[in-house]
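K.L.:
Make a model of this:
(one chain, ligands or ions: 1)
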Amino acid sequence: MPSTTNTLTVYITNRDSRCDECGHDLGRHAWITLAGQGRAVCLACADLEHLVFLPAGNTALTRRARKRSRLSAVVLKWSRARKRYERQGLLVEDEALTRAEEECTADAGFREAKRQRAVVRRAELDEEYLARFAARVRELYPNCPKGRETQIAEHACRKYSGRVGRSTAAKALDEDAVRLAVVAHIRHTETPYDDLLVGGVERSEARACVRDQVAAVLSDWQH
Ligand SMILES: [Zn+2]
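P.N.:
Here you go, the predicted structure:
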């Protein structure tokens with residue numbers, strides 16, 4: 001069973017922010033991590049955007065999801081009224097959350113919790129946008145295994161519907177943006193990249209290790 005070896009902190013900002021790594025404007029209420037010397041880094045650059053958000057409130061589900069997730073991040077937001085950071089929830093691996101939900105559902109009395117979570121998920125995913133994104137992936141990567149376009153689209157939609165505005169979401173259908181989403185998916189699912197990170201390898205080094213592998217899969221999916 002994977003244990004949590006790596007807990008990170010993600011902050012929801014109060015003011016307009018910019019990623020110090022990729023230079024993108026993140027808008028207000030952006031989700032960022034802090035690198036050395038107070039540098040703000042967006043979740044894409046920090047390689048955390050494959051994680052899904054589990055809002056605080058369900059203790060059993062949170063505990064289980066955290067335990068199942070090799071990589072997780074506590075999400076904090078500054079409360080002006082209380083003048084302190086308040087915990088909003090947890091970012092965890094999608095599979096860990098699914099398994100945690102299954103475990104909770106197996107316990108009688110947790111059916112309601114699962115129903116509530118399903119409601120949150122549906123709200124997060126704009127069905128129409130999801131279908132368009134998936135179709136775009138399939139169009140650009142006709143050889144990608146069946147069902148992957150939906151997985152990739154779901155991650156993209158969670159990211160764009162919950163965290164950034166519509167105009168940014170529209171940009172996500174650009175060929176470049178779709179390619180980045182596919183590359184991130186390949187890195188996390190088709191290479192040992194996550195294991196390297198969990199094992200403490202530096203992000204840039206881990207990326208370099210799997211670069212050729214990612215390129216090979218990408219080219220395979222494209223033709
Ligand atoms: Zn960035």
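K.L.:
What helix or strand is the residue nearest to residue 107 when sequence neighbours are not counted located in?
P.N.:
What sits nearest to residue 107 in space, not counting adjacent residues and going by C-beta to C-beta, 6 or more residues apart in numbering, is residue 60, at 7.8 Å. For every residue, glycine as well, the C-beta is placed using N, CA and C. Assessed by DSSP states H and E, residue 60 sits inside helix 59-68.
K.L.:
Could you tell me how far that helix lies from the centre of the chain?
P.N.:
Distance of helix 59-68 from the chain centroid (C-alpha atoms, centre = their mean, to the nearest Å) equals 17 Å.
K.L.:
Toward the C-terminus, what is the element adjacent to the worst-scoring helix or strand of the chain on mean pLDDT?
P.N.:
None of the helices or strands of the chain scores lower by mean pLDDT, DSSP states H and E than helix 166-171, at a mean of 57. Going down the chain from helix 166-171, the next helix or strand is helix 175-190, by DSSP H and E.
K.L.:
Give the buried residues for that following helix.
P.N.:
Residues of helix 175-190 classed as buried by neighbour count (16 or more other C-beta atoms under 10 Å): 177, 178, 181, 182, 184, 185, 186, 187, 188, 190.
K.L.:
By pLDDT, give me the weakest of those residues.
P.N.:
In terms of pLDDT, the lowest of the buried residues of helix 175-190 is residue 177, showing 80.
K.L.:
Please see if the helix ranked longest in the chain touches the ion.
P.N.:
Across the chain, the longest stretch assigned as helix under DSSP state H is helix 203-222. No - Helix 203-222 does not reach the ion (C-beta under 5 Å from the ion); its nearest approach is 12.1 Å.
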